[in-house]
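[1] Sequence and predicted structure below; questions after.
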Amino acid sequence: MSAPLLATPADATPPPEPGLEAPAPTSRNAPARGVSRWVLAAVALLPGLIAVVQLGRIHPDEVYQSLEPAWWRVHGYGVLAWEWREGLRNWAVPGVLAGFLKLADLLGITHPRAYRVVVALPQVALHAWSLWAAHRFAQRRAGDTGGLLATLLVGLYGPVLVFAGRTMAESISASLLIVAMEALDRRERLARAGLVGGVALGLAVVARYPSAIFVLAALVWLAAARRWRLLVFTCVGGLAVAVALGALDWATWGKPFHSFFAYVRFNVFSGKAAARFGADPPSFYVKPLLSAVPLWAWAAVPLGAAALRQRRFPSLPLWCAAVYTGVLLATAHKEERFLYPGLVLAMLAAAPPVAALLARRAQPTGRWGLAGLALAATLASAAYFPSGDLRADQFRAIVAATRGNARGLLIVNEGLWGSGGFFYLGKRIPWLTCDWPHDAAFQRALRDKTFNRAVTFEDRALTELQAGGFQVVRKVGRETILSRE
């Protein structure tokens, strides 16, 4: 007979993983826990602060699948991408953002950067919740000191700093997945844990439909671990979210689950996603994976191998990350950003064993020196993932150019989907994008005196703009702002 997947009964407290003997909590740890809360709160603010100060976009979806639909909901005009015309998206995330955007409008907050701060509030709160969940998950395995270090390894992970404050479906879904992983890892109050985990998994799917892969993987894990009570309440929580999604689609698209089925038809069964956006071999993900995984995470591999030799089931976040990455490798259409939720869960699984080993070192100098190196490697990964140009200076230039008496804007060396939309213009004025002086949009803007502002990337068509009456106002990074009156 083969050995069981778990060495303990389903609802018993599991033994510590190899190298994860966590010290018992004592009353003397209370001040340290207070410090931990403040540290985690500060770390939780970083991604949102970076996103607001830096601006830019990881991908056009950051604007046109969330911010711009929210602007359209509140103001009645905006640029709606083709998904919103054909019903491939649900209105949950844009609806929440629209509520905060409406609040900013009622408070008289009209500057794009200022109302971007207001819109960031729910996402900052969600990210803070996810970091606290990561801390609880790690603390069970690595104790107070190791748990805090593990949470810092996750919270200061470069891709998290870049993504978590962005209004990307991957960003929002990943935060909810961390909450779900922690809830389904609990061994007490199983009904409550299952409901929280099920709701978080369901909301992760609402934010991003491909996250259904994580849901299926989690349910398989719970069944294989024979955690039946937790599985039942997880399904109940997920079903409640599914009912709410069906009602939302019925109210907005006229049919329950219209957006989900339309998304699945387009991206899974029709082959149109690969035909329209391209197909790549599995090797497409090799470079992003290698550049995004910090060196310390590889140290967790031997510990994971030791657990497998003991016939123990892999941790839930590691299992979900592995299943999800396998599906991505087999999917024809590939994008670097798709890796993000799986990477975050892999870091959540890898950080506790590494942090526990560092925390148990006898010499404080070696302990904190290695911890500092691990955190430096964690931060450094932000330089490589994502690998694309965020065009942050362009967004800052657009915001600056449209203040005051701007009546029309021309953006040179950028297409429609790379621009900031009406959300970052902050007002209802005509605007055009083009690449070259001979483009029709460029010629139209030069003839029409309504267009009295221009932003050009790396000074393309600068001579032609000046010949058309524009004068340089100032530089913003690689962007030049021009004006004509």
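    Now that the structure is in, tell me what you want to look at. Numbering: from 1, shown residues only.
[2] Enumerate every residue touching E485.
    Counting by CB atoms under 8 Å, 6 or more residues apart in numbering, E485 makes contact with N452. (C-beta placed from N, C-alpha, C; glycine too.)
[3] I meant to write V52 there.
    By CB under 8 Å, 6+ apart, the contact set of V52 is 113, 116-117, 120, 165.
[4] of those, closest to V215?
    The closest of these to V215 turns out to be G165 (CB to CB; 24.8 Å).
[5] Checking my notes, that closest one in a strand, right?
    No: looking at G165 with DSSP: H, G, I helix; E, B strand; the rest coil, it is coil, so not inside a strand.
[6] Counting neighbours, what do you get for it?
    Residues lying near G165 (other CB atoms under 10 Å) number 23.
[7] Would you check that it makes contact with L49?
    Yes: counting by CB atoms under 8 Å, G165 does reach L49; the two are 7.1 Å apart.
[8] now for the longest helix belonging to the chain, which elements pack on it?
    Longest helix in the chain by number of residues, with DSSP state H as the criterion: helix 112-155. In terms of contacts (3 or more CB pairs under 8 Å, 6 or more residues apart in numbering; DSSP states H and E), helix 112-155 is packed against helix 30-54, helix 92-106, helix 169-184, helix 340-359, helix 364-380, helix 421-425.
[9] Let me see the mean pLDDT of it.
    Mean per-residue pLDDT for helix 112-155: 94.
[10] Same question for stretch 455-474.
    94.
[11] again with stretch 361-373
    For stretch 361-373, the per-residue pLDDT averages 75.
[12] Show me which positions of that stretch end up buried.
    By 16 or more other CB atoms under 10 Å, the buried positions in stretch 361-373 come out as 367, 370-371.
[13] residues in contact with that stretch?
    When contacts are defined by CB under 8 Å, 6+ apart, stretch 361-373 is touched by residues 149, 296, 355, 358-359.
[14] Return the distance of it from the chain's centre.
    Here stretch 361-373 is found 31 Å from its chain centre; the criterion is CA atoms, centre = their mean, to the nearest Å.
[15] Stretch 405-424 too?
    Counting by CA atoms, centre = their mean, stretch 405-424 is centred 25 Å from the centre of its parent chain.
[16] Equivalent analysis for stretch 196-209, please.
    That offset, for stretch 196-209, works out to 14 Å (CA atoms, centre = their mean).
[17] What of stretch 267-283?
    22 Å.
[18] cool, and stretch 182-190?
    Per CA atoms, centre = their mean, the centroid offset for stretch 182-190 relative to its chain is 24 Å.
[19] separation between the residue most central in space within the chain and I58?
    Centroid-nearest residue in the chain, with CA atoms, centre = their mean: S171, separated by 1.1 Å. For S171, the distance to I58 (CB to CB, to the nearest Å) stands at 9 Å.
[20] N413 too?
    As judged by CB to CB, N413 and I58 stand 19 Å apart.
[21] Could you chop the protein up by domain?
    Domain ranges of the chain: 30-383, 392-483, per automatic domain parsing.
[22] Can you tell me the element the closest residue in space to Y384 that isn't next to it in sequence falls in?
    Excluding the flanking residues, the one nearest Y384 by CB to CB, 6 or more residues apart in numbering is S291, at 3.7 Å. Per DSSP states H and E, S291 falls inside helix 286-292.
[23] And that helix, what does it pack against?
    Against helix 286-292 (3+ CB pairs under 8 Å, 6+ apart) you get no helix or strand.
[24] What is the burial count for the residue lying closest to A142 once chain neighbours are set aside?
    In this structure, A142 finds its nearest non-sequential neighbour in A356, 3.8 Å apart by CB to CB, 6+ apart. By the criterion of other CB under 10 Å, A356 has 26 neighbours.
[25] Please verify my assumption that A356 contacts Q139.
    No: look at A356 against Q139 with CB under 8 Å: they stay out of range, at 10.5 Å.
[26] just for the stretch 251-400 of the chain, where's the confidence low?
    303-312, 362, 366 (pLDDT under 70).
[27] Report the contact partners of the nearest residue to the residue nearest to the centre of the chain once chain neighbours are set aside.
    Spatial nearest neighbour of S171, excluding adjacent residues (CB to CB, 6+ apart): F163 at 4.6 Å. F163 is in contact with 47, 58, 170-171, 174, 337, 340, counting by CB under 8 Å, 6+ apart.
[28] Would you quantify the distance from F163 to Q123?
    11 Å.
[29] Distance-wise, check the residue nearest to K272 when sequence neighbours are not counted relative to V53.
    In space, and not counting its chain neighbours, K272 is closest to F266: 5.4 Å by CB to CB, 6+ apart. Distance, F266 to V53, by CB to CB: 36 Å.
[30] quick one, phi/psi of the residue nearest to Q54 when sequence neighbours are not counted?
    If the residues on either side of it in the chain are set aside, Q54 comes closest to A392, at 4.7 Å by CB to CB, 6+ apart. Note on A392: backbone dihedrals following degrees, to the nearest 10 are phi -60, psi -40.
[31] Mind giving me the packing neighbours of the helix or strand encompassing L318?
    L318 is part of helix 316-330 when elements are defined by DSSP H and E. Identification of packing neighbours for helix 316-330 by 3+ CB pairs under 8 Å, 6+ apart yields helix 169-184, helix 212-224, helix 340-359.
[32] quick one: which of these is nearest V243?
    Per CB to CB, nearest to V243 of the helices and strands packed on helix 316-330: helix 212-224, 15.3 Å.
[33] Name the residues of the closest one that are buried.
    So helix 212-224, judged by 16+ other CB under 10 Å, has buried residues 213-215, 217-219, 221-222.
[34] Next, the angle helix 212-224 makes with the helix or strand following it.
    Of the helices and strands lying after helix 212-224 in sequence (DSSP H and E), the nearest is helix 228-253. Here helix 228-253 runs at an angle of 160 degrees relative to helix 212-224 (axes from the mean of the first three to the mean of the last three CA atoms, to 10 degrees).
[35] chain center to whatever helix or strand comes next after helix 228-253, what's the gap?
    Moving toward the C-terminus from helix 228-253, the next helix or strand (DSSP H and E) is helix 258-264. Distance, stretch centre to chain centre, for helix 258-264: 21 Å (CA atoms, centre = their mean).
[36] Sort out which residues of helix 258-264 are buried, please.
    Going by 16+ other CB under 10 Å, helix 258-264 has these buried residues: 258-260, 262-264.
[37] Kindly report the same for stretch 184-192.
    184-186, 190.
[38] picking up where we left off before, so for N413 and I58, which sits in the more crowded spot?
    I58 (22 against 19).
[39] my guess is the more buried one is in a helix, correct?
    No: I58: not assigned to a helix; according to three-state DSSP it is coil.
[40] I'd like the distance between it and L176.
    Using CB to CB, I58 is found at 18 Å from L176.
[41] what's the answer for A200, then?
    A200 is 5 Å from L176, by CB to CB.
[42] Quick check: beta-bridge partners of V412?
    Taking DSSP bridges as the rule, V412 bridges to C434, T456.
[43] Please give me every residue in contact with it.
    V412 neighbours (CB under 8 Å, 6+ apart): 433-435, 442, 454-457, 460-461, 465.
[44] what about 6 Å?
    434, 456, 460-461 (CB atoms under 6 Å, 6 or more residues apart in numbering).
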